[in-house]
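**Q** Pasting a predicted model and its sequence here:
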Amino acid sequence: MEVFNHVKEFAEEHITWLAIVLITGTGLITIRRWMAGGICRSKARLDGRTALITGANTGIGKETAVDLAGRGARVILACRDMGRANQAADEIRKRSGNGNVVVKQLDLASLQSVHALAADVKASEERLDILINNAGIMMCPKWKTEDGFEMQFGVNHLGHFLLTNSLLDLLKKSAPSRVVNVSSLAHEKGKIHFDDINLDKDYNPMKSYRQSKLANVLFSQELAKRLEGTGVTVYSLHPGVIRTELGRHLWPTIALWKRLFFQPLILFIKSPWEGAQTTIYCAVEESLQNTSGLYYSDCAPKQAAPQACDAAAATKLWDISASMVGLA
């Protein structure tokens, strides 16, 4: 995620090194392989199990759906745009060879829509083994959700917070089960602005995005603590710098000369398939069965930022989030 911003930061910090390696064929291959990151090697089957993936009509969500369907899972694509979702479902069925792929409507910017999806899933599904909170928005203008929340915090955190809590009984019933929250390296520079959670006083697209991604990690850690002993395990992750649509609000704001400079570098960042590997790893890797609450990158545990390990902040964020979405 956060594609162009990560590329920009990487280029600025390593400009001399990049200049050297980019002039050699060996350097090109080396940097591309390094950027590709880890690969999920698990051969685990998911026959008889059900997975729900938000935002699965494009990017890493779609690639994750292809993989889980290929392992035999019933896959639910929870998406806002039903037209694109149905097209993606057809592609996923063909690529995976599994026809058990269904589409359900979900707009994470609407609490009513989240409640409707949760009610639908609980009424129509006997089990839910894997919930992947993948959908997100990045670097948008100061927009508001249907319920008046700042858009990035509302979609990236609050919508998934409500959806997860609404499906916990089904996840517990299906245990051992998993919740996978797609965060970002951006959380490392994030801060939860408890005194201005919607950033009404000082909105900045990157500030908002970083806050929402930090919220994903804090939510994962608090959820893992609350689910101890239930058989439901929780994971958060950084998927890497990926070629997806997530940066569509950022790219037009970058000066033309910078776009021309960064364009060749885009060839070196992860494809959606490569970007989906850590999500898939957290969803299926057998060795993680008794592990919960950790943060992952490139299919391996990674130390989250200090502010993402603040237990008091995680509890405070939970309480505020519950109040905002009407669970308190």
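**A** Nice, I can see it.
**Q** Next secondary structure element downstream of the lowest-mean-pLDDT helix or strand in the chain?
**A** Ranked by mean pLDDT, DSSP states H and E, the helix or strand of the chain with the weakest confidence is helix 25-36, at a mean of 50. Toward the C-terminal end, the helix or strand that comes next after helix 25-36 (DSSP states H and E) is strand 50-54.
**Q** now the very next helix or strand once past that next one against strand 50-54, angle please.
**A** Sequence-wise, the next helix or strand downstream of strand 50-54 (DSSP H and E) is helix 59-70. Orientation of helix 59-70 against strand 50-54 (axes from the mean of the first three to the mean of the last three CA atoms, to 10 degrees) gives an angle of 170 degrees.
**Q** so what strands line up beside the next helix or strand after helix 59-70?
**A** Next along the chain after helix 59-70, taking DSSP H and E as the criterion, comes strand 74-79. Strand 74-79 has the following sheet partners, assigned by DSSP bridges: strand 50-54 (parallel), strand 101-105 (parallel).
**Q** Out of those, which is closest to residue 202?
**A** Nearest to residue 202, of all those, is strand 50-54, at 28.8 Å by CB to CB. To be clear about C-beta, it is placed using only N, CA and C from the backbone, and glycine gets the same treatment.
**Q** I'd like to check what contacts that closest one. Which residues are they?
**A** The contact list for strand 50-54, computed with CB atoms under 8 Å, 6 or more residues apart in numbering, reads 61, 64-65, 68, 73-79, 106, 108, 121, 125-135, 160, 163, 167, 174, 283.
**Q** what residue ranges in the chain score low on pLDDT?
**A** For the chain, the stretches flagged by pLDDT under 70 are 1-36, 242-268.
**Q** which residues in it form strands?
**A** Secondary structure of the chain (DSSP state E): strands at 50-54, 74-79, 101-105, 130-133, 177-182, 232-238, 294-297, 300-301.
**Q** Neighbours of residue 89, how many?
**A** The number of residues packed around residue 89, counting by other CB atoms under 10 Å, is 24.
**Q** can you pull the contacts of it?
**A** 77, 101-103.
**Q** Residue 212 versus residue 129, what's the distance?
**A** Shown here: residue 129 relative to residue 212, a distance of 26 Å by CB to CB, to the nearest Å.
**Q** Residue 91 reaches residue 62, doesn't it?
**A** Yes: contact criterion CB atoms under 8 Å: residue 91 and residue 62 qualify, at 7.5 Å.
**Q** of those two, who's got more company?
**A** residue 62 (27 against 15).
**Q** Emit the ChimeraX select command for whichever of the contacts of strand 50-54 are buried.
**A** Remark: buried members of the contacts of strand 50-54, expressed as a ChimeraX selection using 16 or more other CB atoms under 10 Å:
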select :61,64,65,68,73,74,75,76,77,78,79,106,108,121,125,128,129,130,131,132,133,134,135,160,163,167,174,283
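**Q** and of the strands paired with strand 74-79, who's closest to residue 217?
**A** Nearest to residue 217, of these and by CB to CB, is strand 50-54 at 17.1 Å.
**Q** Just the angle for that closest one relative to strand 177-182, thanks.
**A** Going by the same axes, to 10 degrees, strand 50-54 makes 20 degrees with strand 177-182.
**Q** so how far is strand 50-54 from its chain's centroid?
**A** How far strand 50-54 lies from its chain's middle: 12 Å, per CA atoms, centre = their mean, to the nearest Å.
**Q** CA atoms only: put it into PDB for me.
**A** C-alpha atoms of strand 50-54 as PDB (Å, rounded to 0.1, in the frame of the first residue of the first chain):
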ATOM      1  CA  THR A  50     -15.300 -20.100   4.600                       C
ATOM      2  CA  ALA A  51     -13.300 -16.900   4.200                       C
ATOM      3  CA  LEU A  52     -14.600 -13.400   3.900                       C
ATOM      4  CA  ILE A  53     -12.400 -10.700   2.300                       C
ATOM      5  CA  THR A  54     -13.200  -7.000   2.200                       C
END
